[in-house]
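**Student:** what's the 3D shape of this:
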Amino acid sequence: MCRNIKTLFNFDPPATEEEIHSASLQFVRKLSGFNKPSQANEEAFHRAVEEVASAARTLLDSLVTNAESRNREVEIERARARNAQRFGTSTD
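**Tutor:** Residues are numbered from 1 along each chain as shown. Presented below is the predicted three-dimensional model:
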């Protein structure tokens, strides 16, 4: 799994279109091996990003849970604490 792709489900407020697009872009970059496609592949690359974003939005809109929505700030702080423990860095 690509480490740059973050969980988008069950947050309050819900994932934005920008977050979904960013995750889709990272996914297509990982699959294709391109950070920036050549002109010959640009159309296919961007089409794939849009299709993945559409599928992701459909998935997120279809999922259900009984769990309480997560708070983005709390999740960010947890990630910082994990990184500090893992890499021995400050949480500031």
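
**Student:** How about residues contacting the helix or strand containing Glu42?
**Tutor:** Using DSSP states H and E, Glu42 sits in helix 39-62. For helix 39-62, contacts defined as CB atoms under 8 Å, 6 or more residues apart in numbering pick out 8-9, 14-15, 17, 20-21, 23-25, 27-28, 31-32, 34, 37. From N, CA and C alone the C-beta is placed, and that goes for glycine too.

**Student:** Where does the prediction get shaky in this structure?
**Tutor:** Where the chain drops to pLDDT under 70, the residues are 1-4, 89-92.

**Student:** Spit out the contact partners of the closest residue to Phe11 other than its chain neighbours.
**Tutor:** Distance criterion CB to CB, 6 or more residues apart in numbering; nearest residue to Phe11, sequence neighbours excluded, is Arg70 at 5.3 Å. Arg70 makes contacts with Asn10, Phe11, Asp12, as judged by CB under 8 Å, 6+ apart.

**Student:** Buried subset of those residues as a PyMOL selection?
**Tutor:** This is how PyMOL selects the buried members of those, with burial counted by 16 or more other CB atoms under 10 Å:
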select buried, resi 11
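
**Student:** picking that back up, mind listing what's buried along the helix holding Glu42?
**Tutor:** For helix 39-62, a neighbour-count test (16+ other CB under 10 Å) marks Phe45, Ala48, Val49, Val52, Ala53, Ala56, Arg57, Leu60 as buried.

**Student:** ok, now which ones touch Arg72?
**Tutor:** Contacts here follow CB under 8 Å, 6+ apart; on that basis Arg72 touches Phe11.

**Student:** Same question for Glu75.
**Tutor:** Contacts of Glu75 by CB under 8 Å, 6+ apart are Phe11.
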